[in-house]
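> Next one to model:
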Amino acid sequence: MDCHFTPHRRRDAIQERNPGHPIHRGRATLGAMMASNHGNEQDNSRGGRRPKPAAIAEETLKKLFGKLPPHSEEAEIALLGSLMLDPSVIGDIIMHVNKPEQFYGQVNGQVFQAMLDLHNETRAIDLVPLAELLKARGVIDAQDGTEFLVSLAEAVPSARNAVHYARIVADRARLRRLISTAGDIMRLAFDAETTAGESRGAEIVDTAEQMIFEIASEGDTQGPERLSDLLRKEIVRIEMQAEGKGVSGIPTGYYDLDEKLGGLQPGEMIILAARPSMEKTALSLNLAEQVAFGGRTPWSPRDEGAEHAPVGFFSLEMSREALVQRLLSARSGIDAHKIRTGDLGGGGMSSMQAWERINEAAAELYEAPLYIDDSPGLTILQLRAKARRMAERHDLKLIVIDYLQLLTAPGAARESRQVEVSTISRQIKALARELRVPVLCLAQLNRGAEQRERNRPRMSDLRESGSIEQDADVVMLLHREAYYHKDDEEWLNDPDNEDKLTLSELIIAKQRNGPTGVVKLTWDDSTVRFKNHDSRHGGYAGGGADGYGASPIDIVPPIDGAPPGVHVNPPPSNFAPGRPTGPVADHRDGGGPDNPLDEYEDDDLPPV
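Here you go, the predicted model:
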């Protein structure tokens, strides 16, 4: 017996007896298909509803292209037949086909939905319950409906190729959605002439890119995993963390920061905020560089660190040339001013030696997958469009934006600056979730910090909108006390302040999924670089996190005459990785216990 796609003959017989049967109306027009989605999707272009889908009828497509929209009725019938023969394959099928809209034949989609409903109710996908459900919904009638379902089971000899059929159905559905989306985009463009606003073109481009990106990402979702497999992965991760062999997110090369955050986590919005001249651009550029090198600093051993990670850097404030100069200075150790002016001699180094170091740094940076866009005056829609394209082409692992308040949102700007900044903040958060990468966004603080004692910043100092701290997963505040005393000779010459001259504090004021606290860094003004905190200036070897090795510049010998194991300023005796060391309100030293050296009198303190 010929059992290959036999339902066609049975369907023809049913239609001859009953021309009005639902099977005869199985083909849904593209216009009807798109109309079925009317009003169900949100419009991300202007904060309101997404425009109504374009009503492109099959007749119009026939006139334009001479054929119907892409579909495979044979694959749809074979897929349904496979489910009738072996309902257990539904778990594999729904990885590719899980919505009735993916079927071109309307009745085929309704039959598939009924099968899904039976499966979700843990009922058998069998002839009798399926026929009862379809009859109750008016999809089939009592006379010919059962015969149609029987014909499905006879369509294929086995369910062995069910996944193959599902992939064909999913592929044709994606092509039809692409055609539908193209119609939407055309209508948007035509309607733009009658819509107010000078930036409608840019908004439409952003909307179009997002719609296409959604189609492209449809098959990227991961399926369910068995708990035993998840547990094995988690145990391996915990072991690596306990042994200091890595972090769960993207390593930054700053040991204390990686310990606090577990690395930069995919999908998170991370705010780095500071007052002007705190060098937040320098820190973000250092982070981007080190992330691009897999978490390696210029002083890290060659075999240390993870694989290179592509980084996208959007600079709305500085030119790409200025950023490259900073990268060369930070990597080579040559004074940034000398690189900018070309006067490389002096300071105990010949011009030839300086050139050698610059060439070495350039050779290293040449291998860094760091992509810089310095387009000024970007709108948030333009930035999102650029970020999507960059992420698609280069598989970005981190996006840096310098800085938030320089972005604009033309539509929201008509209301107030606060509404505009709130819109920008939400869009950045959505971008991180959409691309599944961490987004490090710089932000300005208002003058509130300068009006309180010790000039310490707080989250409430974030300028122009409280939405930023609400949307952010992590908020870090950069503070350098020495900056506020740069003209105070008495303070600068006070021996008690010697360790503060290069001290920088990165205050983790908010972390949605982890502890808060303070990370200490060392600032090198001449090479515009933040380094892991040097033990000689109030830190301790290894940067403070158990399991991390110290970079060469961080290692110091024990103090002569001090008890074994005591360094200049060791970690607190009750220090434990991943645990906050003190309240954020006092960011001075994290609120840790007294220094073990405090037991010495000042006169008895051994020399360093």
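
> What number of residues are in the vicinity of Gly249?
Other residues near Gly249 come to 17 when the count uses other Cβ atoms under 10 Å. Every C-beta, even on glycine, is put in place using the N, C-alpha and C of the backbone.

> Now do it, the pLDDT please.
pLDDT for Gly249: 84.

> Let me see the contact set for it.
The neighbours of Gly249, taking Cβ atoms under 8 Å, 6 or more residues apart in numbering as the test, are 261-266, 438.

> Which residue is the nearest non-sequential neighbour of it?
Ranked by Cβ to Cβ, 6 or more residues apart in numbering and with sequence neighbours excluded, the top spatial neighbour of Gly249 is Gly263, at 2.8 Å.

> what do you get for Asp117?
Closest residue to Asp117 apart from its sequence neighbours, by Cβ to Cβ, 6+ apart: Leu133 at 6.9 Å.

> From what I see, the residue nearest to Gly249 and Thr252 are in contact.
Yes - with contact defined as Cβ atoms under 8 Å, Gly263 counts as touching Thr252 (6.8 Å).

> just checking, next helix/strand downstream of the top helix by length along the chain?
Ordering each helix of the chain by length in residues (DSSP state H) puts helix 162-191 first. Next helix or strand after helix 162-191 toward the C-terminus (DSSP states H and E): helix 200-216.

> Please put the alpha-carbon coordinates of that next one into PDB.
C-alpha atoms of helix 200-216 as PDB (Å, rounded to 0.1, in the frame of the first residue of the first chain):
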ATOM      1  CA  ARG A 200      10.900  59.300  12.300                       C
ATOM      2  CA  GLY A 201      13.300  57.900   9.800                       C
ATOM      3  CA  ALA A 202      15.800  56.900  12.500                       C
ATOM      4  CA  GLU A 203      13.000  55.500  14.700                       C
ATOM      5  CA  ILE A 204      11.700  53.400  11.800                       C
ATOM      6  CA  VAL A 205      15.200  52.000  11.100                       C
ATOM      7  CA  ASP A 206      15.600  51.000  14.700                       C
ATOM      8  CA  THR A 207      12.100  49.400  14.800                       C
ATOM      9  CA  ALA A 208      12.900  47.600  11.500                       C
ATOM     10  CA  GLU A 209      16.200  46.300  12.800                       C
ATOM     11  CA  GLN A 210      14.600  45.100  16.000                       C
ATOM     12  CA  MET A 211      11.900  43.300  14.100                       C
ATOM     13  CA  ILE A 212      14.400  41.500  11.900                       C
ATOM     14  CA  PHE A 213      16.600  40.700  14.900                       C
ATOM     15  CA  GLU A 214      13.700  39.000  16.600                       C
ATOM     16  CA  ILE A 215      13.100  36.800  13.600                       C
ATOM     17  CA  ALA A 216      16.800  36.000  13.400                       C
END
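
> That helix - what's its average pLDDT?
Averaged over helix 200-216, pLDDT sits at 76.

> Which positions in it come out as buried?
Neighbour counts over helix 200-216 (16 or more other Cβ atoms under 10 Å) mark 200, 202-211, 213 as buried.

> What residues sit buried inside whichever strand or helix holds Met84?
Taking DSSP H and E as the criterion, Met84 maps to helix 73-85. Neighbour-count burial for helix 73-85 flags 73, 75-85 (criterion: 16+ other Cβ under 10 Å).

> How about stretch 101-117?
Those would be 101-116, for stretch 101-117 by 16+ other Cβ under 10 Å.

> Quick one: mark the members of those residues that sit in helices.
Those of those lying in helices (DSSP H): 106-116.

> Next, format these as CSV and append pLDDT.
Listed next are these as CSV, based on pLDDT from 0 to 100:
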residue, pLDDT
Gln106, 88
Val107, 88
Asn108, 89
Gly109, 90
Gln110, 89
Val111, 89
Phe112, 90
Gln113, 89
Ala114, 88
Met115, 88
Leu116, 85
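
> Redo those residues as CSV? Include distance to Ala387.
CSV is the format used below for those (distance: Cβ to Cβ, whole Å):
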residue, distance to Ala387
Gln106, 39
Val107, 42
Asn108, 39
Gly109, 36
Gln110, 40
Val111, 42
Phe112, 36
Gln113, 37
Ala114, 42
Met115, 40
Leu116, 36
